[in-house]
Each structure stands twice: as structure tokens, then as C-alpha cells.
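Participant: give me coordinates for this.
(chains A and B)
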There are 2 protein chains.
Amino acid sequence: MTTGFQTPQDAEDAFYDAFEAHDLEGMMAAWDKSEDVICVQPMGPVLQGTAAVKSSWQAIFRHQSKPDVEIGHVQWFEREGLAVHVVQEKVSVAGMPEDLPPLVATNVYRLAEGGWRMVCHQVSPPPPRLQAGRIS
Amino acid sequence: MTTGFQTPQDAEDAFYDAFEAHDLEGMMAAWDKSEDVICVQPMGPVLQGTAAVKSSWQAIFRHQSKPDVEIGHVQWFEREGLAVHVVQEKVSVAGMPEDLPPLVATNVYRLAEGGWRMVCHQVSPPPPRLQAGRIS
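Facilitator: Model prediction:
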């Protein structure tokens, strides 16, 4: 995969497939190859450039179990050559509580050299839960 | 201001000026008028639509002191009609510690009816601090 993906959604599918499979090569194939890429993991610092992005996924894949990720589309903003997908990520990991609220991610895809790839992924932690019995 | 702003940066300047001034009218003038707008405050839920976005800023302006906000540009992704600005927000509020690490925001602007306005604002809380004496 050297020319990117046919659509932003194809790049997004490849990204989350690689996340679930802990496939580092597949993960980096979903990302743009330029040094302007940005990744912000939940409660994490701003990571800039492919080396920093790759290191962060390598650490996640090394230290966490493979997750099951269910994506809910919240909103898309798309124009010629640039696409923003706001999604909710319901991440389930064996041994973790099953009813955790979803994370929110803003994913940005860019068309370059005939293909779409991810250039920005920012994830926010879910809101803190209220008291038991109230809406989380 | 019914036609939006000349550039994404003009819309961004209006957004942060309104945030600092607690100017609700100015804040909502920076936002697109359509129902697909998205706002995620730090540790907050996904807010969708202008009414929800307006309510969240109203609550912030009512319950918090006026902040001083210093913006550091991290990365821009811009194409015809759509612009993504990733920025660091150094927010200072009287009575709060001065050395808090910056927040990270992804701001999305869209060109419609001849003007640019914000359609998406997602803010992530800063990484938790490490032990005193280590890099935060």
C-alpha cells in the first residue's frame, strides 16, 4: 500500500483494523508519510511526525491487550482532498469493565498522490462518571 | 457578521477573543449556523448542534472567570473550503496555578456562503504530571 486508500473511510477502516489486530505495519500504512502528522492519545501529549506516532502505537501494542473497537459515526466534514471524521470509539479489552463510556476521536484524512491517508488523530477521554445510578 | 470570516484564522481569532471576553454573541458568531457543528470540551461529552454548543459556552462563561488564552500553532491542514488547525491552548485564570500544561485543541473551519466559520472544536486535557522535578 504505497498510494494510499481510495476513500477516507477506507483509510479509517484500515486504521481501526490495525488497532484491533495490533498490526504496526498496517497501522503505519493508514498514516500519511509526511512529517506533519499529529496524534494525541487520551491524556497524552501532542505527538508530531511519523516516528513519534509509530513509537506510540508500538508502546500501546506492546503493553495492552488486543481490543475490540466499535465505531459510531458522529459527524463528517468533507471537502476536496480533506476529510474530518468525528467518531465515538467503544473500546473493549479483556479484563476491563464492559460498560466504559466511549472515547471521542477526531480523525483527519488527506488526499495525496492519488490516495487518502490519516494525518491527524486526536482522542479525548470520556467524561467522568456521575454517582452510581445516574447517567454516566 | 452574517457571512462568516475571510479566512479560517480570522474565525479562530474571533473564537478565542470571544472566549477571553466571555462574549457569548461573539462566540456564536465564530461558529457555523448549521446543526452539524460539534464541540467536545475537556473531559466533556460530545455536543452536537448550535443550541448545545451555545449552552456549554454559556455555562463556562457563567461559572468561570475570564481567562487569558495564549495559542500556540502546532499544525494546519487546509484544502479548498475546509481547514483543520491543531493548536495548544495555554489558559490562565486568576487564582489558578500559573504553570499548568497547555490543552490541545483540534479546530475545524468550513467555508460556506462566502465566509469561514468553526464547525468543530475538540479539546483534550493535558497529560497528567509526573513526579515533582520531572518533566510534566
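Participant: can you map out the strands along chain A?
Facilitator: Counting by DSSP state E, chain A has strands at residues A:38-40, A:46-48, A:68-79, A:82-92, A:103-112, A:115-124.
Participant: pipe these into a markdown table and attach distance to B:E35, mean neighbour count and mean pLDDT per row.
Facilitator: From N, CA and C alone the C-beta is placed, and that goes for glycine too. Shown next, in a markdown table, are these (distance: least, C-beta to C-beta, whole Å; neighbours: other C-beta atoms under 10 Å in any protein chain shown; pLDDT from 0 to 100):
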| stretch | distance to B:E35 | mean neighbour count | mean pLDDT |
| --- | --- | --- | --- |
| strand A:38-40 | 27 | 24 | 97 |
| strand A:46-48 | 30 | 19 | 96 |
| strand A:68-79 | 10 | 15 | 97 |
| strand A:82-92 | 14 | 20 | 96 |
| strand A:103-112 | 18 | 23 | 97 |
| strand A:115-124 | 21 | 24 | 97 |
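Participant: now those strands as CSV including distance to B:M27?
Facilitator: Formatted as CSV, the strands of chain A follow (distance: least, C-beta to C-beta, whole Å):
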stretch, distance to B:M27
strand A:38-40, 24
strand A:46-48, 25
strand A:68-79, 20
strand A:82-92, 20
strand A:103-112, 20
strand A:115-124, 20
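Participant: for those strands, which one sits closest to B:R117?
Facilitator: Closest approach to B:R117 among these (C-beta to C-beta): strand A:68-79, 11.7 Å.
Participant: mind giving me the packing neighbours of that closest one?
Facilitator: helix A:8-21, strand A:82-92, strand B:46-48, strand B:82-92, strand B:103-112, strand B:115-124 (3 or more C-beta pairs under 8 Å, 6 or more residues apart in numbering or on different chains; DSSP states H and E).
Participant: out of these, nearest to A:P45?
Facilitator: Taking C-beta to C-beta, strand B:103-112 is the member of the helices and strands packed on strand A:68-79 nearest to A:P45, at 8.1 Å.
Participant: thinking again about what came up before, so for A:E20, which of the strands of chain A sits nearest?
Facilitator: That would be strand A:68-79 among the strands of chain A, by C-beta to C-beta, at 5.5 Å.
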